[in-house]
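*Asks:* Coordinates only, no sequence provided:
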């Protein structure tokens, strides 16, 4: 049975939490007294549906059920996890926690607060032990970070289980051991924000110039390494000590205005809002959200390819999901389904269609899975042997578009010691959008020539070939380019 | 004749400048009294050679000549641009500028200074007008940002020409109109650095936890939008004013310790260096550099695909280079060379070879260029017509590896009103690593069926087809998978 998340507060952040749980198969009940909340949450979930599946290399689990509760009680009753994302007012948060704990006194309650310490959130609570900070970053459905801050009154076992819940929905819970105002990340954001306000106020730079100063330089560095690892490199082989010796003294130079707070008045608001309009006003907020999401998907997939930083979180999440799924036991009497995938943003051409070479990519994913199935996996390649593709024939039969779910099947046409002749269908539902006929050869990579596959592989391959010999030969097999039908 | 850059100071930053100029075809003369400078600069250039070509979709220009000068005079004599990257000591910089201006009084001198204002750099100079701040970010050969800060004494025409020089080597010169200590970006870096030192010193977080707090969340955002555009989105449809109204009051909350400077002593250095070792010590600095560079290449290419942020700079740079190159006038009596490319990091599989689907990708780049050549370009697709690939046959004949320079040629086998039957060779030097036979059909995209191409296209296509009819038919044309040779 699906588990249930109670989401209190349905703004951009609450909506992002709802989307993450929902798309990961949890039932979600949202409470927000704002009559606009269903629309707002719906918009965030629509964004998430366009974006989140693109991070995964496996099929998404079936979505959970989304409901809007008319009371806090209804939203949290029977919930396995509760997330509070109401306005940043301590008295309001206290009232919400009190209502929650009347019906769900033992359930973990994460708070999205940017600034309050857990000990402040826990004040006067019926059960302080279940209330902690779980501070996410917008867009919540894409960025993995959640700062988890317990206090001395927190229940360590409950915190562990909450962190596990967040990992299950693809997040990176960063456990912060000592509570502090604004946790960690927002302290940095606040420091930069204040300095940026000074620079605009003093006419040194516009909002656009400040954004360029960030995203053309250190912003790119910080998406993949943080502050210290970047500076460690800057120190060269001499490392961190050398860097600190070089830049330590600057600390006391007049490089920041942060000794002081700019006066926050209408003039400053107008100045900044006006510059921001000039910079970004030609895009609607919806457009900016989509641009941001596609950029973030791109960054995250780059990191995933390299098993680094946030990409490691995605790989772990995929592996966790694969483990939770029943192992496939392909039926040898049919073409075997070996791969499932979604058409990702990077696969699309200027026509809005899946680009030509991605059909061959999809086929490679399919044949790689088949090779793993017969024992020619990465470990086998490590021993110096592999199957190489010698020849391919592709028929383009239909069009796949962004987000389409595709599957790839393998039919063995012929196999012997050295040769593996297969026919791959790339399917959208039951319709083949492309078929690919391939001749693979078993090679000794060091010698650079073909050789017989070992019994361990042939013992798995040949029975499949034998079973598939009974299947009708695909019409497109043996066809050459331009042949009459 | 190649232009000359004089590089004074051969550390990581000076080496990065040298690499950027050199790989963009400039001759480079480096002066640094450190006997280790040639080795250090050589290592940075080696990193750049592995990384910078991966950002471009065209061939790199021939590298310039690198030399190490034994005096400043020798390094800057005849230079078209001079970049100073010596230690951050004002008296030293003044001495360097004085020596430069004895022989090159009118040449632009950019300073890599992180903190000094241009008016400080210009003090006592023979010609203050040519000295300005050109502050880059490490790795200089990948990150586009250079903060350009002139003073009232600067020559505006010289600043414009220096900005143009930086654009020519692929950078993004950000013109800062009012001078200020530490310019813009380093003020933010300094603010974050100080706050981070406090957090480590007070035992709130380790260097690793701080890095995770950055790169799992807002760091990813800042690589593609900066501070203000990100917050504009956070404000929702109500925009920047709404965001500021919501978060303005926090400015006076105790969210940062920045009212104060942590005492910089050995204890703090040891604490941070020790944590940094625990975090990153299992990678050498060289490894970290390569990991960082590959991540940055990935991010930059994502942005390039989307024509956004730093990616826009790369696209502009490619276009600028294409324009500077003589237009190809393919010889119709031969298979026509339509594309040149380098094997990029993302094209490589776990065997270290170019992955199968990238051969089809290289062929698409080639056939797309051919289609543009006959007038079926993006504007034509915009009118609702296009050529679609119906069928492809691939022969894998060799192996391409990371960094290999490939070219793609097109031979027309047959063309009529609707059909375009071509043979593509993907060549490494003179050797074909793959050949691809393709049938393309001219389609009415709205109607979803084939139709005759218009005279404007046929008038360009059919003469090529006629000329190519005299070429020998490729052996692999008309071949089906598994056919005996």
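*Replies:* Yes, it's here. Everything numeric here is computed off the predicted structure, so don't read it as measured data.

*Asks:* Show me how the record splits chain A into domains.
*Replies:* Following automatic domain parsing, one gets these domains for chain A: A:4-175, A:185-282, A:331-468.

*Asks:* is stretch A:226-233 anywhere near chain B?
*Replies:* Yes - under the criterion of CB under 8 Å from any CB of the partner chain, chain B is reached by stretch A:226-233 at A:226, A:227, A:228, A:229, A:230, A:232, A:233. Backbone N, C-alpha and C define where each C-beta goes, glycine included.

*Asks:* oh, I was asking about stretch A:434-446
*Replies:* Yes - using CB under 8 Å from any CB, stretch A:434-446 reaches chain B at A:437, A:438, A:439, A:445.

*Asks:* Could you do stretch A:472-485 as well?
*Replies:* Yes - counting by CB under 8 Å from any CB, contacts between stretch A:472-485 and chain B involve A:477, A:478, A:479, A:480, A:481, A:482, A:483.

*Asks:* pull the longest strand from chain A.
*Replies:* Secondary structure of chain A read by DSSP state E shows that its longest strand is strand A:431-444.

*Asks:* helices or strands next to that one in the packing?
*Replies:* For strand A:431-444, the elements it packs on are helix A:356-373, strand A:385-396, strand A:419-428, strand A:449-450, judged by 3 or more CB pairs under 8 Å, 6 or more residues apart in numbering or on different chains; DSSP states H and E.

*Asks:* where does the stretch 301-450 of chain A have low pLDDT?
*Replies:* Low-confidence segments of the stretch 301-450 of chain A (pLDDT under 70): A:325-330, A:345, A:350-351.

*Asks:* let me fix that: the stretch 151-300 of chain A
*Replies:* For the stretch 151-300 of chain A, applying pLDDT under 70 flags the ranges A:237-239, A:246-264.

*Asks:* If we use 80, what do you get?
*Replies:* A:235-269, A:272-273 (pLDDT under 80).

*Asks:* can you give me the strands for it?
*Replies:* Assigned by DSSP state E, counting those that start in this stretch, the stretch 151-300 of chain A shows strands spanning A:172-175.

*Asks:* Can you show me the helices along it?
*Replies:* Here the stretch 151-300 of chain A has its helices, by DSSP state H, counting those that start in this stretch, at A:156-168, A:185-201, A:207-213, A:219-222, A:227-234, A:239-247, A:266-280, A:285-305.

*Asks:* want to try JSON lines for these, with mean neighbour count as columns?
*Replies:* Below are the helices of the stretch 151-300 of chain A laid out as JSON lines (neighbours: other CB atoms under 10 Å in any protein chain shown):
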{"stretch": "helix A:156-168", "mean neighbour count": "17"}
{"stretch": "helix A:185-201", "mean neighbour count": "23"}
{"stretch": "helix A:207-213", "mean neighbour count": "25"}
{"stretch": "helix A:219-222", "mean neighbour count": "28"}
{"stretch": "helix A:227-234", "mean neighbour count": "24"}
{"stretch": "helix A:239-247", "mean neighbour count": "19"}
{"stretch": "helix A:266-280", "mean neighbour count": "17"}
{"stretch": "helix A:285-305", "mean neighbour count": "21"}
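
*Asks:* ok, and does stretch A:360-367 reach over to chain B?
*Replies:* Yes - judged by CB under 8 Å from any CB, stretch A:360-367 comes into contact with chain B at A:360, A:361, A:363, A:364.

*Asks:* now swap in stretch A:296-315 and tell me
*Replies:* Yes - residues of stretch A:296-315 are located near chain B by CB under 8 Å from any CB, namely A:296, A:298-303, A:305-306, A:308-310, A:313.

*Asks:* List of residues touching that stretch?
*Replies:* With contact meaning CB atoms under 8 Å, 6 or more residues apart in numbering or on different chains, stretch A:296-315 is reached by A:51, A:54-56, A:139, A:142-144, A:170-172, A:223-225, A:344-346, B:215-216, B:220-221, B:223-224, B:291, B:294-295, B:298-299, B:301-303, B:305-306, B:346.

*Asks:* mind running it again at 6 Å?
*Replies:* Residues from elsewhere that reach stretch A:296-315, judged by CB atoms under 6 Å, 6 or more residues apart in numbering or on different chains: A:51, A:54-55, A:142, A:144, A:172, A:223-224, B:215-216, B:220, B:298-299, B:302.

*Asks:* what's the answer for stretch A:232-246, then?
*Replies:* Under the criterion CB under 6 Å, 6+ apart, residues A:231, B:138, B:269, B:273, B:276, B:280, B:285, B:288, B:289 lie in contact with stretch A:232-246.

*Asks:* tally of neighbours for residue A:410?
*Replies:* Applying other CB atoms under 10 Å in any protein chain shown, we find 26 residues neighbouring residue A:410.

*Asks:* hang on, I meant residue A:58
*Replies:* Residue neighbour count, defined by other CB under 10 Å, stands at 16 for residue A:58.

*Asks:* List the contacts of it.
*Replies:* Contacts of residue A:58 by CB under 6 Å, 6+ apart are A:318, A:321.

*Asks:* That one falls within a helix, correct?
*Replies:* No - applying DSSP: H, G, I helix; E, B strand; the rest coil, one finds residue A:58 to be coil, outside a helix.

*Asks:* Give me the phi and psi for it.
*Replies:* The phi/psi pair for residue A:58 (degrees, to the nearest 10) reads phi -120, psi 170.

*Asks:* Distance check, the closest residue to residue A:219 other than its chain neighbours against residue A:207.
*Replies:* Nearest residue to residue A:219, sequence neighbours excluded (CB to CB, 6 or more residues apart in numbering or on different chains): residue B:222, at 3.3 Å. According to CB to CB, to the nearest Å, residue B:222 and residue A:207 sit 14 Å apart.

*Asks:* Around chain B, pick out the residues from the stretch 301-450 of chain A.
*Replies:* With the criterion set to CB under 6 Å from any CB of the partner chain, the stretch 301-450 of chain A comes near chain B through A:302, A:309-310, A:356-357, A:360-361, A:364, A:389-396, A:421, A:437, A:439.
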